[in-house]
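>>> quick one, what's the 3D model for this:
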Amino acid sequence: MSNQNLDLSLKEFNTFGIDVSAKKIVYLNELKQLDKISNLKDSFIIGGGSNILLTKDVEKTVVINQTKGICTVKEDENFIELAVASGEDWHEFVMYCIQKGYGGIENMSLIPGSVGAAPMQNIGAYGREIKDVLTYVNAVDLDTLEMKKFTNEECEFGYRESIFKKSAKGNYFIVDVGIRLTKKNHQINTSYGDIEKWLNTNQIESPKIKDVSNAVIAIRKSKLPDPNDLGNSGSFFKNPIISSTHFKDLIKKFPSIKSYPVSDQEVKVPAGWLIESLGWKGKRVGNTGSHQNQALVLVNYGNATGSEVKKLAEDIKKSVCDTYQIQLEPDVHII
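Residues are numbered from 1 along each chain as shown. Prediction:
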């Protein structure tokens, strides 16, 4: 989709690189600008643009969140709590913490997007989630412009879920988040096989937080395409959680199916395995396709429209449902 007014193009503000237009673009650098935006609740707020698929022009004001700032809330000899502005880049924040020697988020290195999106999605990777370190979320009510502080519990975190994707969806602008990290005696998590393999290959027997981060970065780069080179939004689907009974039926028909225990009654099935097993991995359909190294990542080969990507996602969903009776859910906000 071409743009007559290039100044209103959103192509550089979404990691899929989809070229659609906005009615108006406002760049938010300071919180006080919010009360000057008319129809704020009806606006569309973008942070890193790493978790959206734009299928059409956005007929409303688009607010590009560029708020910055990291400051100490409290600190003792063991822990530090930081207040982080929502417009900060997540990976850059992780690198800042590692440089300072703060532990707890190293397993979430190289996750694309902004800090503000982290609690919305309850982002996570390699055995860690944002809920493990988050102490609060400050957010502005888009109706009243009043500030509300959400505790960790009030965020209602679940697997790639939070209150900001459920009952509070579209009602708040996340201003900053509190992150509590260790200063020493870090709880190093290398439980994932890929991390252990990388550490062994590099002959690291007593890994530090920097080593874990380096491992995660290397693994992600080997599996996932860089959005600067190939438009994508990371994992397009969530890993589905199904009943143990359903899984027992499936394993009779498909003995190689993978799973991870969630509880006595439920298991998580890797969406990437389901998609790959049906021949989608590396398959190109027009200007879009499933990535050759990771079936879970849908990509834009250069000129794909959001509708093309959405159609591919729907076709993949249908084939998984027809074969395994499992409903895949998008991990991406489709507009």
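>>> switch to C-alpha atoms for all contacts and neighbour counts from now on
OK.
>>> where do the strands sit along the stretch 1-150 of the chain?
Here the stretch 1-150 of the chain has its strands, by DSSP state E, counting those that start in this stretch, at 22-28, 44-46, 52-53, 58-65, 70-75, 79-85, 124-125, 128-129, 134-141, 147-151.
>>> now do the contacts for the spatially most central residue of the chain.
Centrality entry for the chain: nearest residue to the mean C-alpha point is I123, 5.2 Å, by CA atoms, centre = their mean. Counting by CA atoms under 8 Å, 6 or more residues apart in numbering, I123 touches 129-130, 160.
>>> swap in 10 Å and give it another go.
108, 111-113, 115, 117, 129-131, 159-161 (CA atoms under 10 Å, 6 or more residues apart in numbering).
>>> next: L278.
Taking CA under 10 Å, 6+ apart, one finds 316, 319-320, 323 in contact with L278.
>>> among these, which ones are in helices?
316, 319-320, 323 (DSSP state H).
>>> can you give the domain ranges for the protein?
6-65, 70-182, 231-334 (automatic domain parsing).
>>> what about the longest one, how long is it end to end?
Start and end residues of domain 70-182 are separated by 16 Å (CA to CA, to the nearest Å).
>>> tell me how far that domain lies from the chain's centre.
12 Å (CA atoms, centre = their mean, to the nearest Å).
>>> and what of the last one?
Going by CA atoms, centre = their mean, the spacing between the C-alpha centre of domain 231-334 and its chain's C-alpha centre is 16 Å.
>>> average model confidence for it?
Domain 231-334 shows a mean pLDDT of 95.
>>> ok, the residue lying farthest from the centre of the chain to H246 distance?
Most distant from the centre of the chain: K252, at 33.6 Å, with distances by CA atoms, centre = their mean. K252 is 10 Å from H246, where distance means CA to CA.
>>> ok, now F237?
Taking CA to CA, one finds F237 at 20 Å from H246.
>>> and what of I111?
32 Å.
>>> quick check: I37 touching S43?
Yes: between I37 and S43 there is a contact under CA atoms under 10 Å: 8.6 Å.
>>> hmm, back to that, neighbour-wise, which of I111 and H246 wins?
Using other CA atoms under 10 Å as the criterion, I111 and H246 rank with I111 on top: 21 against 15.
>>> give the contact list for that one.
50, 89-92, 94, 118, 123-125, 216-217, 220, 234.
>>> distance to E30 added to the residues you listed, as TSV?
Below are the contacts of I111 laid out as TSV (distance: CA to CA, whole Å):
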residue	distance to E30
S50	22
D89	16
W90	19
H91	22
E92	20
V94	23
A118	20
I123	25
G124	28
A125	31
V216	33
I217	32
R220	33
G234	29
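>>> for PyMOL, write a command that selects the buried ones of these.
Buried subset of those, written as a PyMOL selection, criterion 16 or more other CA atoms under 10 Å:
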select buried, resi 50+89+90+91+92+94+118+123+124+125+216+217+234
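>>> quick check, nearest of the contacts of I111 to D141?
A118 (18.3 Å; CA to CA).
>>> returning to what we had before: with distance to Q99 added, can I get the strands of the stretch 1-150 of the chain in JSON lines?
As requested, those are exported to JSON lines (distance: least, CA to CA, whole Å):
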{"stretch": "strand 22-28", "distance to Q99": "28"}
{"stretch": "strand 44-46", "distance to Q99": "28"}
{"stretch": "strand 52-53", "distance to Q99": "30"}
{"stretch": "strand 58-65", "distance to Q99": "25"}
{"stretch": "strand 70-75", "distance to Q99": "14"}
{"stretch": "strand 79-85", "distance to Q99": "14"}
{"stretch": "strand 124-125", "distance to Q99": "20"}
{"stretch": "strand 128-129", "distance to Q99": "19"}
{"stretch": "strand 134-141", "distance to Q99": "20"}
{"stretch": "strand 147-151", "distance to Q99": "27"}
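>>> could I get the ones you listed as CSV with mean pLDDT and distance to R284?
Output for those, formatted as CSV (pLDDT from 0 to 100; distance: least, CA to CA, whole Å):
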stretch, mean pLDDT, distance to R284
strand 22-28, 92, 29
strand 44-46, 91, 28
strand 52-53, 95, 18
strand 58-65, 93, 27
strand 70-75, 96, 42
strand 79-85, 98, 39
strand 124-125, 92, 27
strand 128-129, 94, 32
strand 134-141, 96, 39
strand 147-151, 96, 43
